[in-house]
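Q: sequence-free structure coming up:
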């Protein structure tokens with residue numbers, strides 16, 4: 001059984017006492033997914049749960065009667081012949097102080113502590129531990145229950161993410177500067193190519209000038225992707241016909257891949273699906289995805305299916321190709337900034353797509369198997385979120 005009693009001290013502090021039989025306590029103690037120890041006032045281990053056994057491993061056979069600092073391989077404990085509690089640093093030990101507070105205050109104390117430990121290779125490791133100390137009574141004797149959580153990995157992940165965020169921020173600023181600097185010479189090249197084409201009127205130059213225009217278009221696309229990625233722009237909502245945007249993007253892509261024979265199928269459950277969205281941003285997404293589909297399918301055998309289906313609350317757009325597909329190891333990396341499997345490009349296209357769709361409170365997912373093509377599915381709310 002388990003029973004709960006409340007009482008108030010003379011100072012008005014509320015205390016709660018939980019009483020349970022040995023079997024209930026044993027079940028809870030063993031089931032806790034954290035290092036859980038029962039220690040005496042001298043910090044010697046009297047009992048430990050299955051998680052502690054797994055954490056410390058077979059090398060820690062003599063856990064019972066050992067002190068907490070010894071089994072945790074605390075550096076201060078290792079440096080003193082007398083072990084845990086003998087060093088000057090032990091006076092400020094969070095584990096010991098939390099236990100002392102739990103005994104004197106008759107309540108739980110939770111602390112985060114930095115702990116230097118010695119690993120199996122005798123190297124010093126810096127760890128972070130969350131220590132919770134609770135005053136308990138087992139077999140009629142006052143004891144301390146210590147619950148210890150190693151949160152080193154969480155802090156390392158946080159620091160790593162902060163470092164990555166800083167790097168991306170710096171890279172973003174550099175990218176924006178480069179993009180602005182490249183726009184002017186590209187405009188000049190575009191104008192020069194146009195003037196040569198108009199004045200020369202030489203069929204022998206046609207292919208060369210067409211190639212220049214294509215490369216200018218590709219470079220402009222890279223610059224636009226860089227700027228879209230580094231700038232966080234909220235959607236400029238207006239009523240738009242999603243089917244018209246998709247048709248426009250298909251025609252633009254066909255013009256770009258005019259040399260490639262690709263079958264495109266458009267299927268809409270309603271030709272007049274109206275949603276509240278940013279038309280410029282959605283064009284960027286659809287044009288990017290349809291371009292990618294045209295790029296991966298085989299000339300003469302390629303087929304791309306574009307479907308749009310809506311209900312009262314949202315619209316789902318799918319763009320499916322019969323290209324070579326995407327390997328399982330690359331599926332999870334697709335929307336990461338600067339990840340690409342192509343020989344050219346920045347690897348920002350899909351990252352920008354995800355950013356735009358997320359900004360519309362929608363989702364974008366991909367399904368693919370090697371050799372069986374890929375399908376990108378986008379879901380967007382009908383009305384502004």
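A: Nice, thanks for sending it over. As the structure is a computational prediction, the values presented were derived from the model and not from experiment.

Q: in the stretch 1-150 of the chain, which ranges drop under the pLDDT threshold?
A: Where the stretch 1-150 of the chain drops to pLDDT under 70, the residues are 1-21, 24, 58-62, 77-83, 105-109, 117-123.

Q: for it, which segments are assigned as helices?
A: Per DSSP state H, counting those that start in this stretch, the stretch 1-150 of the chain carries helices over the ranges 22-31, 50-56, 68-71, 75-79, 94-105.

Q: for those helices, which one sits closest to residue 379?
A: helix 22-31 (39.6 Å; Cβ to Cβ). The C-beta positions use only the backbone N, C-alpha and C, and glycine is treated the same way.

Q: surely residue 55 touches residue 36?
A: No - counting by Cβ atoms under 8 Å, residue 55 stays clear of residue 36, with 10.2 Å between them.

Q: tell me which of those two has more neighbours.
A: Of the pair residue 55 and residue 36, residue 36 is the one with more neighbours under other Cβ atoms under 10 Å, namely 22 against 16.

Q: list the contacts of the closest residue to the more buried one other than its chain neighbours.
A: Distances taken as Cβ to Cβ, 6 or more residues apart in numbering place residue 49 nearest to residue 36, at 4.3 Å, with adjacent residues excluded. Residue 49 makes contacts with 29, 30, 32, 35, 36, 37, as judged by Cβ atoms under 8 Å, 6 or more residues apart in numbering.

Q: rewinding a little: now, of the helices of the stretch 1-150 of the chain, which is deepest in the fold?
A: Across the helices of the stretch 1-150 of the chain, averaging neighbours per residue (mean count of other Cβ atoms under 10 Å) puts helix 68-71 on top, at a mean of 23.

Q: what's in contact with that one?
A: So helix 68-71 is in contact with 37, 39, 43, 45, 56, 60, 63, 74, 76-77, 83-85, 90, 93, 95-96, 146, going by Cβ under 8 Å, 6+ apart.

Q: which stretches of the stretch 101-250 of the chain form strands?
A: 109-118, 124-138, 141-150, 238-241 (DSSP state E, counting those that start in this stretch).

Q: what angle sits between the first one and strand 124-138?
A: Orientation check (axes from the mean of the first three to the mean of the last three Cα atoms, to 10 degrees): strand 109-118 against strand 124-138 gives 140 degrees.

Q: quick one, strand 109-118 and helix 94-105 angle?
A: Going by the same axes, to 10 degrees, strand 109-118 makes 150 degrees with helix 94-105.

Q: now swap in the longest one and tell me
A: Angle between the axes of strand 124-138 and helix 94-105 is 20 degrees (criterion: the same axes, to 10 degrees).

Q: which positions within strand 124-138 qualify as buried?
A: Under the neighbour-count criterion of 16 or more other Cβ atoms under 10 Å, strand 124-138 has 127, 128, 129, 130, 131, 132, 133, 134, 135 buried.

Q: likewise for the last one?
A: Neighbour-count burial for strand 238-241, counted by 16+ other Cβ under 10 Å, picks out residue 240.

Q: now for that strand, which elements pack on it?
A: Judged by 3 or more Cβ pairs under 8 Å, 6 or more residues apart in numbering; DSSP states H and E, strand 238-241 is in contact with strand 274-277, helix 279-296.

Q: for the residue nearest to residue 320 when sequence neighbours are not counted, name its beta-bridge partners.
A: Closest residue to residue 320 apart from its sequence neighbours, by Cβ to Cβ, 6+ apart: residue 375 at 4.1 Å. Residue 375 has the following beta-bridge partners by DSSP bridges: residue 320, residue 367.
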